[in-house]
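Engineer: Return a 3D structure for these sequence lines:
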Amino acid sequence: MRSVLSCLGLLTVSTLLIAEDANPKKVTVKDASVSSTVQKPSQTKSVKPAEQIEKVSHFKPFTGKVVGNNVRLRLSSELDSPIIKELVKGDLLVVTAEKNDFYAVEPLQEMHAYIFRSLVLDGVIEGNRVNVRLMPDLDSPIVGHLSAGDKVEGKICEKQPKWLEISVPNKTRFYVAKEYVDYAGGPELKAVRDRKKIELTKHLEKTEAFTLAEMVKPFHEIDFDKIAQNYHIVSHEFKEFPEAVDKAKSKLVEMQDLYLQKKLAYLETKANQISKEIARKEQKGAEEISISKQRPRGETTIATTAAEVTHNQKKEATAALPPIANLSWEPIEENLFLSWAMSHRNKTIEDFYHDQKNRSFKVSGVLESYVDPVRNKPGDFIIRDRDCPVGYAYSTLVDLKPFVGKPVTFHVTARSNNHFAFPAYFVLSVE
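Structural biologist: Prediction:
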């Protein structure tokens, strides 16, 4: 009887084991495929996920610098592995291990990954081995997995709202051929460089915003020194980013040209205003002379004759001259310098007058004040030789008043004579 029962027990156990083997439990990997029970042919294609390896104990991590252009960052350490992106010369990578002819590197800071939104609830993963993909697409390579309870931060993908954009998992590793990576420093070097790159980005954003705000102001309110200083900071403090330095220099040159145009327009307007003011005063003087001529002789006046009025006006005009030059000539000289500076970059007004001296010539004669009330006169003085006019003269460099009435030799350069009968000169120096 006992033997019969034993046989029945063994038979029952065998039957259960056979049934369980014939009906195994189904294991699923969750990602966007849970939203559909029928997969497209392209979705059934198996893609080998990015290799997740632990750091080899004897391998010392370091920061590597890419030494070529279009260097391929791959999903695994195989030549037929999918290409994630192409790196350029100078890019930094944190190398954590080596495998065959490849280095295993940490994900780049700017890289993103994607998971299906329905598998995330309040920032927590709902499901086991949730696929993390490189792009919001079921055909995109898998770069890692997340487990139930893992916390994630991300944002909804703009182009594919069913997906959530997150950072690439920390354990994910990509691969680069060893021959294209050189040692650059310790593993912390890339983190330092990344932080500085963020500082550079913020500085450039602030600089562009400040520049835009300043350049729309009237010329005399623009703080161009501050604009230039902001761009110079890029060249001096962010030299390890040569591409950004070149862009900053190019932008500064562009702003300098725009500022120069604004300055020319401003000086032209100012010169016109000064010319109008001089013309108004000349007209007023002419009217006073005319009135004095019409005034009866017996009438008591400050100036009883036209000759006295003219004499007084010349005397006042001579006394009104500034210590070195009439201020009306400064805008003209600034305009001439700015026009010259357009073809002589990074030159000062001293360089401009040095160039003028190299082109100068000598003119000799007796200097006389030219205070007649005429419009657009080409100088404050007249140079005469044997009572014949040689030319008109003015200067913003030399005080010419002490030389009035004296025979002198001048070093001059030509200026516009405003269609007067004799040439006009700018005095650079006096012998």
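
Engineer: most centrally placed residue in this structure?
Structural biologist: By CA atoms, centre = their mean, the chain has its centre lying nearest to A248, at 4.1 Å.

Engineer: Give me the buried positions along stretch 255-265.
Structural biologist: Judged by neighbour count using 16 or more other CB atoms under 10 Å, the buried positions of stretch 255-265 are M255, Q256, Y259, K262, K263, L264. In this view, the C-beta of every residue, glycine as well, is placed from N, C-alpha and C.

Engineer: Likewise for stretch 337-352?
Structural biologist: Counting neighbours by 16+ other CB under 10 Å, stretch 337-352 gives F337, L338, A341, F352 as buried.

Engineer: just checking, which of the buried residues of stretch 255-265 belong to helices?
Structural biologist: Among the buried residues of stretch 255-265, the members found in helices (DSSP state H) are M255, Q256, Y259, K262, K263, L264.

Engineer: Which residue, other than its chain neighbours, is closest to the last one?
Structural biologist: Right, the one you point to is L264. The spatially closest residue to L264, leaving aside those adjacent along the chain, is L338, at 5.5 Å (CB to CB, 6 or more residues apart in numbering).

Engineer: repeat for H145
Structural biologist: The shortest distance from H145 to any non-neighbouring residue, by CB to CB, 6+ apart, is to R129 (4.7 Å).

Engineer: Quickly note the distance from that neighbour to Y103.
Structural biologist: To Y103, R129 is 27 Å away according to CB to CB, to the nearest Å.

Engineer: between the two, which one's more packed in?
Structural biologist: The neighbour comparison of R129 against Y103 (other CB atoms under 10 Å) goes to Y103, with 24 against 14.

Engineer: dump the residue contacts of that one.
Structural biologist: G64, L93, V95, A97, Y175, V176, A177, K178, V181 (CB atoms under 8 Å, 6 or more residues apart in numbering).

Engineer: Save those as TSV, and put in pLDDT too.
Structural biologist: Output for the contacts of Y103, formatted as TSV (pLDDT from 0 to 100):
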residue	pLDDT
G64	93
L93	92
V95	94
A97	93
Y175	95
V176	95
A177	94
K178	93
V181	94
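
Engineer: okay, now V132: neighbour count?
Structural biologist: Neighbours around V132, by other CB under 10 Å: 24.

Engineer: Wait, it touches E165, no?
Structural biologist: No - counting by CB atoms under 8 Å, V132 does not reach E165; the two are 11.0 Å apart.

Engineer: Pull up the overlap in contacts between those two.
Structural biologist: In contact with both V132 and E165: A113, Y114, using CB under 8 Å, 6+ apart.

Engineer: Give the buried residues for stretch 170-185.
Structural biologist: Buried, per 16+ other CB under 10 Å, within stretch 170-185: T172, R173, F174, Y175, V176, A177, Y180, V181, A184.

Engineer: oh sorry, the question was meant for stretch 363-371
Structural biologist: V363, G365, V366, L367, S369, Y370, V371.

Engineer: Touching it from outside, list them.
Structural biologist: By CB under 8 Å, 6+ apart, stretch 363-371 touches 313-314, 317-318, 377, 379-385, 390-393, 400-401, 403-410, 412, 425.

Engineer: Next SSE downstream of the helix or strand harbouring G391?
Structural biologist: Assigned by DSSP states H and E, G391 belongs to strand 388-394. Using DSSP H and E, the helix or strand that follows strand 388-394 towards the C-terminus is strand 407-415.

Engineer: counting contacts, what elements does that following strand pack onto?
Structural biologist: helix 349-358, strand 361-369, strand 388-394, strand 424-430 (3 or more CB pairs under 8 Å, 6 or more residues apart in numbering; DSSP states H and E).

Engineer: Let me know the average pLDDT across that strand.
Structural biologist: For strand 407-415, the mean per-residue pLDDT is 93.

Engineer: neighbouring strands for that strand, and are they parallel or not?
Structural biologist: Using DSSP bridges, strand 407-415 pairs in its sheet with strand 361-369 (antiparallel), strand 424-430 (antiparallel).

Engineer: what's the closest of these to V71?
Structural biologist: strand 424-430 (60.6 Å; CB to CB).

Engineer: in that closest one, what's buried?
Structural biologist: Those would be A424, Y425, F426, V427, L428, V430, for strand 424-430 by 16+ other CB under 10 Å.

Engineer: Go ahead and confirm the last one touches V408.
Structural biologist: I take that to be V430. Yes - assessed by CB under 8 Å, V430 is found in contact with V408 at 5.6 Å.

Engineer: can you tell me which residues contact F210?
Structural biologist: So F210 contacts K226, I227, N230 (CB under 8 Å, 6+ apart).
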